[in-house]
Structures are given as structure tokens and as C-alpha cells.
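> Take a look and give me a structure for this.
(chains A and B)
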Amino acid sequence: DIQMTQSPSSLSASVGDRVTITCRASQRISNSLNWYQQKPGKAPKLLMYVASSLQSGVPSRFSGSGSGTDFTLTISSLQPEDFATYYCQQSYSTPYTFGQGTKLEIK
Amino acid sequence: EVQLLESGGDLVQPGGSLRLSCAASGFTLSTYAMTWVRQAPGKGLEWVTAITGSTTTTYYADSVKGRFTISRDSSKNTLYLQMNSLRAEDTAVYYCAKNVAAGTYDSWGPGTLVTVSS
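Have a look, this model is predicted:
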């Protein structure tokens, strides 16, 4: 199975900050990488797919990059509604594994 | 509007069985691959099983292989997850999700809680 490792596991930031979350795959996965946002008690929401494509309806302050084994999710200017947990997930091969999550908290 | 609604979660004893349902609306379920993802209390997301749209091929995580079965009823536009030989470690919120592409989920239900405990 492909292991996905996110860093950091938690992050404190302020409204307006630029934030970057990193995801590393245990083997090359081309650009088969998705990012999800999850708020407490809610289902995950797709933000980015194939590493850098923005899902419809997602604000343009979110961006993704990377290929192979190393990927990043960047939020250019944090808004209050962005404080949540973020998961990367590989869609290269089954089982389609998720990272352990990055909890983004208000400083 | 695409909507998914899970049901069937409950408290069940170890070794017991449960069937989860995921009612779909706003799209024809049989034309899309569908997936179950679970989340243990306070933990991260775990991919569980998937069924393809056209060929009805199924895939399972090793942790549930041989115990869980994914299926669908096209006439009811509903996805199912039959769970047998349940263990304490199966305790989780179970989400169904619609695939926009292999391994990529653009719509999710609100989830249903399964608790395995004596």
C-alpha cells in the first residue's frame, strides 16, 4: 500500500496568513493526489484534484502543486472559514490511502 | 442537486452484522463508481471499499476483505455495505461518496455511526 505522510500534523495561524501543508507519498504517484477539507462533525469536501486542479466552487486562494512523491496545498490568505482539518489522498492505486490530516487552528 | 444519505448505523456486538444504506438522488448511481470511507472517533479518514460504475468490479481494504461486501440496487438508486464479523476496530462514522474519477470523491453523505461494543 502507498503511505501518505502530511506535515505538519497541526498548525496555528492567523486570518490573512499564507499557509502551506505538505504531503509525501511513499512511492511515485504521478499527479494522482487530492486534497480534502473537513470541519468538525461534517463530511470531507473535495478542494483539489490531480494535484493542482481546483474543484468547482472552491475559492481561488487555495492552490496545489507537486508531482511524483511531494505535494503541497497552499492557502494564500487565510479566512475564518478555512480553519479545519485537511487531508491529502492518493488516487493512483487501491487502496486509495489518505494522509493522517493537518489540523489548522486559529492563533 | 446530487445528494447522498447514509442510514443503518447502530450499536452492535462484536461478531455481529449490520447493513448500511446510501440513498442517492440527483444522479443515476449505477453510472458512477461509488466508495465507502470511514472515520474512527477522533481519527483520520480510511478508504474501505469501492464499486465501479459499469463493470461492477469491487475493491476492498485488507482490513475488511472477506467481512464486508459493497453492492448496489439500481432500481432503488441505493448503495449498500454489508458488514459481517464486526470488530471493535470497525467503530467509525461511515461515509458514502460519489466518484468523479477513480479515487476522487466530489460528493459525500453526512455519514452514519457504527459502534461495535459489548
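
> secondary structure element for the spatially most central residue of chain A?
What sits nearest the mean C-alpha location of chain A, by C-alpha atoms, centre = their mean, is residue A:35, with 3.9 Å. Using DSSP states H and E, residue A:35 falls within strand A:33-38.

> Show me how far that strand is from its chain's centre.
5 Å (C-alpha atoms, centre = their mean, to the nearest Å).

> Over to stretch A:17-25?
7 Å.

> Could you do stretch B:76-83 as well?
With C-alpha atoms, centre = their mean as the basis, stretch B:76-83 stands 8 Å off its chain's centre.

> What lies in contact with that stretch?
Outside stretch B:76-83, the residues that touch it by C-beta atoms under 8 Å, 6 or more residues apart in numbering or on different chains are B:17-25, B:28-30, B:34, B:36, B:48-49, B:51, B:64, B:67-73, B:90, B:94, B:96, B:114. (C-beta placed from N, C-alpha, C; glycine too.)

> What helices and strands are in contact with the longest strand anywhere in chain B?
Determined from DSSP state E, the single longest strand within chain B is strand B:92-101. Strand B:92-101 sits against strand A:45-49, strand B:3-7, strand B:18-25, strand B:34-39, strand B:45-51, strand B:78-83, strand B:104-108, strand B:112-116, with contacts defined as 3 or more C-beta pairs under 8 Å, 6 or more residues apart in numbering or on different chains; DSSP states H and E.

> Alpha carbons only: can I get that strand in CSV?
The C-alpha coordinates for strand B:92-101 follow below in CSV (Å, rounded to 0.1, in the frame of the first residue of the first chain):
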residue,chain,number,x,y,z
ALA,B,92,-16.5,4.6,13.0
VAL,B,93,-18.6,7.1,11.0
TYR,B,94,-19.2,5.6,7.6
TYR,B,95,-19.5,7.9,4.6
CYS,B,96,-20.6,7.0,1.1
ALA,B,97,-19.0,9.1,-1.6
LYS,B,98,-19.6,9.5,-5.3
ASN,B,99,-16.5,9.2,-7.6
VAL,B,100,-15.9,11.9,-10.1
ALA,B,101,-12.9,9.9,-11.2
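
> what mean pLDDT would you report for it?
Mean per-residue pLDDT for strand B:92-101: 96.

> correct me, but residue B:13 touches residue B:116?
Yes. Using C-beta atoms under 8 Å, residue B:13 makes contact with residue B:116 at a distance of 7.4 Å.

> Which of the helices and strands packed on strand B:92-101 sits closest to residue A:16?
Closest approach to residue A:16 among the helices and strands packed on strand B:92-101 (C-beta to C-beta): strand A:45-49, 19.4 Å.
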